[in-house]
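# What follows is a predicted structure for the sequence shown.
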Amino acid sequence: MYRGRIAPTPTGLLHVGHARTFALAAQRANEAKGQLIFRTEDLDSARCRPEFAAAALSDLCWLGIRWNEGPDVGGPNAPYIQSQRLDWFQSVWKKLHATGCLYPCDKSRRDVENALVAPHADDATEPIFPLAFRPNQKAGQSATTPGETNWRFRVPWGEKISFHDAIQGPQTFIAGQDFGDFLVWRKDGFPAYELAVVADDYAMKITEVVRGADLLLSTARQILLYRTLEWTAPAWAHAPLVVDERGQRLAKRAQGLSIRALRDQGKIPLEILTQPLSILQG
């Protein structure tokens with residue numbers, strides 16, 4: 001059976017881009033006569049707030065998006081909340097650690113940036129972790145828990161990671177060229193995005209991941225985790241990003257295009273899901 005998911009991060013109000021991506025996820029689940037799962041990805045404890053989680057539930061229900069597992073506003077069912085699943089994430093860390101593919105890392109983002117000869121083109125993306133920063137194969141192998149340390153995944157340098165995306169078509173990324181060794185666990189005691197998403201999509205039996213095209217590169221990283229864990233990866237469908245008049249993707253700080261603001265202005269769901277931004281802002 002088809003199982004999709006919507007997974008908002010409650011660090012701000014959802015905007016038009018989120019609305020359209022989540023509506024597409026619901027549409028694909030409906031067309032497949034499958035199920036849609038709601039999951040709250042609230043592992044960024046410094047930025048996630050309960051009022052944003054509540055607003056996401058309300059706004060998505062107002063848009064007409066329905067799910068089969070997770071909460072209804074005012075209903076009895078609790079959402080899948082990542083911050084309540086740390087035991088599960090630790091068990092997945094242990095499974096990865098047992099393969100020898102993880103190592104502890106004390107290098108900061110600034111350390112990485114300072115080590116790069118060429119300037120990094122996009123400050124919003126993570127700089128490629130230099131191969132020279134890798135410790136030897138035995139580093140961290142005696143650890144039994146992640147502890148208060150960052151842990152990285154040792155990528156197969158130079159390998160091509162290819163997959164087919166239902167919307168974007170064939171995709172190929174090269175480990176070491178498009179991305180380097182990446183974080184799977186943070187020293188604050190929480191899993192990094194890549195590990196948490198793979199762990200929960202597997203646990204929730206997700207068969208297709210629908211999300212924004214800005215996460216295509218993350219898919220290559222996640223495929224490596226699926227392979228290492230000997231789990232079957234889901235199918236992928238990355239929606240085109242909604243961009244502003246400057247061609248920049250929307251950010252949560254663009255409050256004028258949040259679902260909540262547009263609701264308050266009297267817009268209806270069909271307008272939010274279909275109208276050009278220039279009209280919505282008019």
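The structure has been received and is ready for your questions.
# so where do the helices sit in the stretch 1-150 of the chain?
Along the stretch 1-150 of the chain, the stretches classed as helices by DSSP state H, counting those that start in this stretch are 16-31, 50-62, 86-98, 109-115.
# In which helix or strand does Y202 reside?
Taking DSSP states H and E as the definition, Y202 sits inside helix 193-203.
# That helix - contacts with which helices or strands?
Helix 193-203 makes packing contacts with helix 86-98, strand 182-185, helix 216-229 when contacts are defined by 3 or more C-beta pairs under 8 Å, 6 or more residues apart in numbering; DSSP states H and E. Where you see a C-beta, it was placed from the backbone N, CA and C, and this is true even at glycine.
# returning to what we had before: out of the helices of the stretch 1-150 of the chain, which comes closest to F38?
Shortest distance between F38 and the helices of the stretch 1-150 of the chain, using C-beta to C-beta, is found for helix 50-62: 8.0 Å.
# remind me which residues of the stretch 51-200 of the chain are low pLDDT?
Confidence mapping of the stretch 51-200 of the chain against pLDDT under 70 gives the ranges 71-79, 116-125.
# picking up where we left off before, for the helices of the stretch 1-150 of the chain, which one ends up most surrounded?
For the helices of the stretch 1-150 of the chain, ranked by mean neighbour count under the definition mean count of other C-beta atoms under 10 Å, the leader is helix 16-31 at a mean of 21.
# Now do that helix against helix 50-62, angle only.
Angle, helix 16-31 to helix 50-62, by axes from the mean of the first three to the mean of the last three C-alpha atoms, to 10 degrees: 50 degrees.
# mean confidence score for helix 16-31?
Taken as a whole, helix 16-31 has a mean pLDDT of 97.
# can I get the helices of the stretch 1-150 of the chain in a markdown table with distance to H238?
Putting the helices of the stretch 1-150 of the chain into a markdown table (distance: least, C-beta to C-beta, whole Å) gives the following:
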| stretch | distance to H238 |
| --- | --- |
| helix 16-31 | 9 |
| helix 50-62 | 20 |
| helix 86-98 | 24 |
| helix 109-115 | 25 |
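# between those helices, which one is nearest to S142?
Closest approach to S142 among the helices of the stretch 1-150 of the chain (C-beta to C-beta): helix 86-98, 10.3 Å.
# helices or strands next to the closest one in the packing?
Short answer (3+ C-beta pairs under 8 Å, 6+ apart): helix 86-98 packs on strand 150-153, strand 182-185, helix 193-203, helix 216-229.
# 10 Å - rerun?
With contacts taken as 3 or more C-beta pairs under 10 Å, 6 or more residues apart in numbering; DSSP states H and E, helix 86-98 sits against strand 102-105, strand 150-153, strand 182-185, helix 193-203, helix 216-229.
# I figured F153 hits R134, correct?
No. Contact status for F153 versus R134: not in contact, 11.1 Å apart, counting by C-beta atoms under 10 Å.
# Settle it for me: which of the two has more neighbours?
Residue environment comparison for F153 versus R134 gives the larger neighbour count to F153, 23 against 17, counting by other C-beta atoms under 10 Å.
# and that one, what does it touch?
When contacts are counted by C-beta atoms under 10 Å, 6 or more residues apart in numbering, F153 touches 96, 99, 101-103, 129, 180-185, 192, 194-195, 221, 224-225, 228.
# re the thing from before, could I get the helices and strands packed on helix 86-98 in a markdown table, plus columns for distance to D87?
Shown next, in a markdown table, are those (distance: least, C-beta to C-beta, whole Å):
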| stretch | distance to D87 |
| --- | --- |
| strand 102-105 | 18 |
| strand 150-153 | 17 |
| strand 182-185 | 14 |
| helix 193-203 | 11 |
| helix 216-229 | 17 |
